[in-house]
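Q: sequence unknown, structure follows:
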């Protein structure tokens, strides 16, 4: 495959007031290499400048923020569909609507990306070389590593956040193996070995944002591989799948769980056709969508 630039953005809800994380992977046939991360992105303009600086002719931008918001209140259908699968693992996402976010930075970013030739994922064809995705790192991590519950690195006290970030770094290190190994020494090694006990306040939050952006970029790399497999069907829950075998060995750390076949089947919720590893698209480009790796099982690793 041609070299693909995968940009991950952990976009702040109010991008002109808070820090946003950013990371860039260069995807080739052999691996996905971390080549850059964002520093000090405190405005939407700085995020846009980061994308413009690193994009190439073939680029996928994965954003942890709602790219399409058209509902006046409540949840978007894609949030309900993802929640049907992941809420039981504490990885449902926050609702987005026009009452809460009438002028969302993420929607403005999506409009800017569209002007630069990016297509929304559900509308992108195999020949589209610039694509944008909405993603959700908590659900992506649960799916990729078969976590029984989402990692707790965003909420709670400082000690809990630091413990969660250490566990997140361990998980990301496991992505060095698999069909799309993530590498990038020394940049990735420095990120994953950073002493979180030495980070406080905004420095700790910025590190969290950067690791989330790496997750987003990895999901973009998984999306780039999606055309190597057959699409799955469309279940009643409202998500479609274009699936590839992307997952590394399932997580075996402190939060690992042993699943029987019956338990695994129950946990897959709205999934149909059994366990299929690859990429799911919850929702569509008319009401909003979320791209996520398909739920993995330890027994399938």
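A: Yes, it's here. It should be emphasised that the depicted structure is a prediction, and the values quoted were computed from it without experimental measurement.
Q: Tell me where the stretch 101-250 of the chain has strands.
A: When secondary structure is read from DSSP state E, counting those that start in this stretch, the stretch 101-250 of the chain shows strands at 119-120, 130-134, 182-183, 239-242.
Q: elements contacting the first one?
A: Here strand 119-120 is seen to pack against strand 130-134 when contacts are counted using 3 or more C-beta pairs under 8 Å, 6 or more residues apart in numbering; DSSP states H and E. Heads up, the C-betas are built off the backbone N, CA and C, glycines and all.
Q: neighbouring strands for the strand it packs on, and are they parallel or not?
A: Strand 130-134 sits in its sheet next to strand 59-63 (parallel), strand 119-120 (parallel), going by DSSP bridges.
Q: looking at these, which is buried most?
A: When neighbours are counted by mean count of other C-beta atoms under 10 Å, the highest per-stretch mean among the strands paired with strand 130-134 falls to strand 59-63, a mean of 27.
Q: quick check, distance from that one to the centre of its chain.
A: Taking C-alpha atoms, centre = their mean, to the nearest Å, one finds strand 59-63 lying 10 Å from the centre of the chain it belongs to.
Q: any idea which helix or strand comes after it?
A: helix 77-86 (DSSP states H and E).
Q: For the strands of the stretch 101-250 of the chain, which has the smallest mean pLDDT value?
A: Averaged per stretch, pLDDT over the strands of the stretch 101-250 of the chain is lowest on strand 239-242, reaching a mean of 43.
Q: ranges for the helices of the stretch 51-200 of the chain?
A: 77-86, 105-115, 137-145, 158-174, 187-192 (DSSP state H, counting those that start in this stretch).
Q: which of the ones you listed is buried the deepest?
A: Between the helices of the stretch 51-200 of the chain, helix 137-145 has the highest mean count of neighbours, a mean of 25, where neighbours are mean count of other C-beta under 10 Å.
Q: can you give me the offset of it from its chain's centre?
A: Using C-alpha atoms, centre = their mean, the mean C-alpha position of helix 137-145 is found 8 Å from that of the whole chain.
Q: average model confidence for it?
A: For helix 137-145, mean pLDDT is 92.
Q: could I get the helices of the stretch 51-200 of the chain as CSV with distance to residue 94?
A: Supplementary listing: those in CSV, determined by distance: least, C-beta to C-beta, whole Å:
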stretch, distance to residue 94
helix 77-86, 8
helix 105-115, 12
helix 137-145, 10
helix 158-174, 18
helix 187-192, 26
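Q: Assign a three-state SS to residue 281, would you?
A: Three states are possible here, and by DSSP: H, G, I helix; E, B strand; the rest coil the one that applies to residue 281 is strand.
Q: per-residue pLDDT, it?
A: Model confidence at residue 281, expressed as pLDDT, equals 94.
Q: Kind regards, and thank you for your time.
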